[in-house]
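Engineer: Kindly return the folded structure for what I paste below:
(chains A, B, C and D)
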Protein chains: 4
Amino acid sequence: MSVSTVTYTFLGPEGTFTEAALLQVPGAADAKRVPCSNVNTALDKVRNGEADAAMVPIENSVEGGVTATLDSIANGPELRIIREALVPITFVLVARPGVEISDIRRISTHGHAWAQCRIWIDANIPDVEYVPGSSTAAAAMGLLEDDAPYDAAICAPLIASEQPGLNILAENIGDNAEAVTRFILVSRPGALPERTGADKTTVVVPLPEDHPGALMEILDQFATRGVNLSRIESRPTGLYLGHYFFSIDADGHASDARVADALAGLHRISPATRFLGSYARADKQSAVVAPHTSDAAFKSAHAWVDSILNSQP
Amino acid sequence: MSVSTVTYTFLGPEGTFTEAALLQVPGAADAKRVPCSNVNTALDKVRNGEADAAMVPIENSVEGGVTATLDSIANGPELRIIREALVPITFVLVARPGVEISDIRRISTHGHAWAQCRIWIDANIPDVEYVPGSSTAAAAMGLLEDDAPYDAAICAPLIASEQPGLNILAENIGDNAEAVTRFILVSRPGALPERTGADKTTVVVPLPEDHPGALMEILDQFATRGVNLSRIESRPTGLYLGHYFFSIDADGHASDARVADALAGLHRISPATRFLGSYARADKQSAVVAPHTSDAAFKSAHAWVDSILNSQP
Amino acid sequence: MSVSTVTYTFLGPEGTFTEAALLQVPGAADAKRVPCSNVNTALDKVRNGEADAAMVPIENSVEGGVTATLDSIANGPELRIIREALVPITFVLVARPGVEISDIRRISTHGHAWAQCRIWIDANIPDVEYVPGSSTAAAAMGLLEDDAPYDAAICAPLIASEQPGLNILAENIGDNAEAVTRFILVSRPGALPERTGADKTTVVVPLPEDHPGALMEILDQFATRGVNLSRIESRPTGLYLGHYFFSIDADGHASDARVADALAGLHRISPATRFLGSYARADKQSAVVAPHTSDAAFKSAHAWVDSILNSQP
Amino acid sequence: MSVSTVTYTFLGPEGTFTEAALLQVPGAADAKRVPCSNVNTALDKVRNGEADAAMVPIENSVEGGVTATLDSIANGPELRIIREALVPITFVLVARPGVEISDIRRISTHGHAWAQCRIWIDANIPDVEYVPGSSTAAAAMGLLEDDAPYDAAICAPLIASEQPGLNILAENIGDNAEAVTRFILVSRPGALPERTGADKTTVVVPLPEDHPGALMEILDQFATRGVNLSRIESRPTGLYLGHYFFSIDADGHASDARVADALAGLHRISPATRFLGSYARADKQSAVVAPHTSDAAFKSAHAWVDSILNSQP
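Structural biologist: Model (predicted):
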């Protein structure tokens, strides 16, 4: 059996930032990589066994949470995040050979990319019309067709450099030079990745009730155990206005006693809480743990309570 | 001077749910209504004085916060929300006369609308291809052009009924019969709308620091004063991953003592907190106020403290 | 072996409210009852095996916590509270036969009793001088000696009715008709009393540090688990001003999951926390338990976390 | 008019630690000093105008709060603490000339003093009998009478050195060499002492209700404004078991914005909250103030809220 028997899906098409993220996974370059037209499809192929794991975007430093991913992993058969990847986001403006910037009347790209290049666009091609695209790569590839209803596309450097028919007119046209997107590798539930000491745990917590303190009670489960949160996103459940779930990334691994204890607290308050995985942080930044929330403190506390409950005359 | 001198912008084109929301405003039917191609443009025309107010969507019970609106009102010159409107969201499937459901190969609509009709689509036209549209109305109007690259569109009943060239193939195809979108009417800063007793206050609060309790401290400003939150959205500031601001709707009016006191607390913790307005709730639901957070309790408390500070021998 | 082999100490002398409390214990009337001159002695005889249990006062509705008891059980070899008793406190004024109220110049009694009869005294014998006594019974018995340096005593009805040489001049002279003292029966550590559903748990928690939130963190261990507190007393550790421990009674039994979890939290925050027992409430008032803090909720939460930690491919 | 027209009462008799505390007050050495037999009397003479101020003990590092003082200032006509004083507590053993330690059978002193010398007594005169005294000075002076029912007394060095008829048998016999008692100088309500930057504020807060979070809500008024607490004492109101008030010392002056704001919060939650004064700390230790709780932060926050409430078109 060879490495090539592993199958990955990813949010396609080929040449987007998502494939760049997937290629960071050891062995992925030699594995079978299946581009999917949307996040749901990529994840469903994992759910039904057609693929072993899926790479999808979850968070963008400029545009925020990727709602399709947040909603898809929060519902349906359970999945587990087993890895994260960070990819710097830089954009290029491409057109067919012979087209100059001054010729451009219509530009296509994905809505998120469009939003992230507004400053450059407003300064350089202020009157251009925007044509929505289903992805940056699709917009770029569309230029190669004869009847393309636009003159230029904004896309990732990867695809621009691979397609001989595309000419790069401008590089680094994103508003924010520090822009980065976080991607997650998602598999079916299985053994947790090893604890590394620099881990992250992701959960989905439906807000139990609409009262002044409900969200605070949830956050308190982390705070009272010294667990820092690196991401918190509210998402509507779709039932009615004001009914939310929260997608939360917490520092630490489920096998850290303080995280396990916080998970138990969440489950009590909101029994439909969903565990989405513990996995190594891409930035390898270790959590700071106060003495009273260390594994040793929890072990000592539970031993003490056990000794009380098992007291004999 | 007549009512018609009032100018409203709105997220266009004409015939979308946003215009339906605007038409709920007294006098709007006779006012000048300017459709804009995006939220930013609609708001900027208010900022620069071309329009008096803008109607834009802020929250959808299925798709969540409208990020373009959340981000646009949180930045740039200050604006104020002076009114909210709720519009039930129902979708119809339209095509040119003669086209049957079984003929449809490609459907266009706005991404949010597409996401909200997946169940009906999967059950009735499972293999159809999706073509992104910039709005539901644009997708519908596009069908009237000769070279439309799709056969059908999903749009609001309003536009379907007004365009003789469109045939309604199916009604109420949304997944959620209770779907509703909340819109806000935004003006330049001015006198606050009168307190009605059933009000809402909207603020934008940048998270001051990345530490375990920062968000809790912010929420605590509301909770300790018995102020309920009806919406909380996290949004990236765009600076770096994990740097957020929160967009929050709280029950009550800035001239309610408990709300004013909470605002002062927010400003202390996060001095860049932005006040976006106090306005009547569309559902006219009055806030429940505990005795110790009533205006009388605050007035009595401050009188007491003043008597202490001004004690004389 | 007969019941009489059981030995109880109590805060003497005989005839005080403490003996009345002890007589509420089944079998105590036939057991050996040893009066002790102070709380420390009564408890030390339990610690060294001379007695099986000690009855001592812990809390008075008028005078507050009995500091000798609070401090004694918080230090030295560990003890356990196994029962509580409530005794209504009523006072009588006694003197030798022939003495009238108008003859009284000096009254002796225990300081607490004196404090609780001030209203009656001020109204009826305003100029009387107070002579401190080591107990109410000692003050009363002292009247029977020839050289008693006082004319009257305030004591419990029990001793007054048993001593033929004492004449009751006035009854129910206490300021507060509802006055009650709570007593505790203390033994060496052993098996916990059975959970009855209407239980109380007593702990001693040293304040870990002098910072704004230390006490709140301790209280939060109870509050976040819905555990009500029926008593909280601050006591100095004796080390320096501002260094405290807290003596706390919480509703519930250590074998209630929410209480056990709170105990573990206390131990983590303040590792020198001392468990002083779980025992049936004298008033048989059951605790109100929210669904998310029930034993079932804790069991379900821990099972869920275990299933996560033990996930297999 | 001379300084001698000022009249101070103090918890007598002369020669106790309380008079030593009073003598720390500038001018007190030349003022009229009236010893009182109990705290209530000393305070009542201030209330009715017979005296200008009273010096009474409030807290002892070994024995804890002085309940007579805590209760007396919490009830009746309002009083104000205007100064505090710290006095190191050291004890001496005295007897009439000719009496040796080995001759001692009975010792008298105040109960608190007795409690603080137990180690020395147990080690040196283990079988001695204790005779309660109304004060350390009264016990010492009693030795000078012919029929003293005890052989020795424990008292403050001050009185021992002033009375020729008393012989010091042992010095520094207290258990804790660091023992200190805190005294307060109490006057009728008047102008607050000037803010010094190292101040303390004392309040009495009745617990509004018996529910899990009542005390936390009170403490939260301080914690959320970064106000540290240096003392917290629970005291029964005397109404029924479990009904408390809390006597609290907080860092800062009522004219500090964060303290004033906390006071207003307390008053809202517990309208019967009593303000007992703001005064300079004896240890001159300045409070640490976080930027978001500084006077400037409060001023800026209120100006911001005012600008919102007074917005004009």
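Engineer: doesn't residue A:174 make contact with residue A:89?
Structural biologist: Yes: using C-beta atoms under 8 Å, residue A:89 is in contact with residue A:174, at 6.3 Å. (C-beta placed from N, C-alpha, C; glycine too.)
Engineer: what's the spatially closest residue to residue A:117 that is not a sequence neighbour in contact with, if anything?
Structural biologist: Computed as C-beta to C-beta, 6 or more residues apart in numbering or on different chains, the closest residue to residue A:117 that is not its neighbour in sequence is residue A:173, at 5.0 Å. Shown in contact with residue A:173 (C-beta atoms under 8 Å, 6 or more residues apart in numbering or on different chains): A:91, A:92, A:93, A:117, A:120, A:121, A:154.
Engineer: if you look at the residues you listed, which of them are in helices?
Structural biologist: Counting by DSSP state H, the contacts of residue A:173 place A:120, A:121 in helices.
Engineer: can you tell me how far the residue nearest to residue A:117 sits from chain C?
Structural biologist: Note on residue A:173: its distance to chain C, by C-beta to the nearest C-beta, to the nearest Å, is 44 Å.
Engineer: Same check on residue A:246?
Structural biologist: To chain C, residue A:246 is 17 Å away according to C-beta to the nearest C-beta.
Engineer: Tell me the spatial nearest neighbour of that residue, not counting adjacent residues.
Structural biologist: Using C-beta to C-beta, 6+ apart, the nearest residue to residue A:246 is residue A:205, at 4.9 Å.
Engineer: Remind me which helix or strand that neighbour belongs to.
Structural biologist: Element membership of residue A:205 [criterion: DSSP states H and E] is strand A:199-206.
Engineer: and the next element down the chain from that strand?
Structural biologist: Downstream of strand A:199-206, the first helix or strand assigned by DSSP H and E is helix A:214-223.
Engineer: Buried residues of that following helix, list them for me.
Structural biologist: Across helix A:214-223, burial judged by 16 or more other C-beta atoms under 10 Å in any protein chain shown covers A:214, A:215, A:216, A:217, A:218, A:219, A:220, A:221, A:222, A:223.
Engineer: neighbouring contacts of whichever helix or strand comes after that helix?
Structural biologist: With elements assigned by DSSP H and E, the helix or strand that comes after helix A:214-223 is strand A:229-236. The set of residues external to strand A:229-236 that reach it, using C-beta under 8 Å, 6+ apart, is A:59, A:64-65, A:67, A:70-71, A:74, A:200, A:219, A:222, A:243-251, B:59-65, B:210, B:212, B:215, B:232-234, B:241-242, B:244.
Engineer: Cross those against strands and list the overlap.
Structural biologist: Among the contacts of strand A:229-236, the members falling in strands (DSSP state E) are A:59, A:64-65, A:200, A:244-251, B:59-60, B:64-65, B:232-234, B:244.
Engineer: Show me the strands in the stretch 1-150 of chain A, by range?
Structural biologist: For the stretch 1-150 of chain A, the strands defined by DSSP state E, counting those that start in this stretch occupy A:7-11, A:32-36, A:53-60, A:64-65, A:80-88, A:92-95, A:106-110, A:129-133.
Engineer: check which helix or strand covers residue A:255.
Structural biologist: Counting by DSSP H and E, residue A:255 is part of no helix or strand.
Engineer: any idea of the pLDDT on it?
Structural biologist: pLDDT recorded at residue A:255 is 96.
Engineer: what do you get for the one 5 residues further on?
Structural biologist: We have a pLDDT of 97 for residue A:260.
Engineer: count of residues packed around the nearest residue to it once chain neighbours are set aside?
Structural biologist: Counting by C-beta to C-beta, 6+ apart, residue A:260 lies nearest to residue C:305, which is 5.3 Å off, once chain neighbours are set aside. When counting by other C-beta atoms under 10 Å in any protein chain shown, one arrives at 21 neighbours for residue C:305.
Engineer: circling back to that earlier point, of all the strands of the stretch 1-150 of chain A, which has the lowest average per-residue confidence?
Structural biologist: Sorting the strands of the stretch 1-150 of chain A by mean pLDDT places strand A:64-65 lowest, at a mean of 72.
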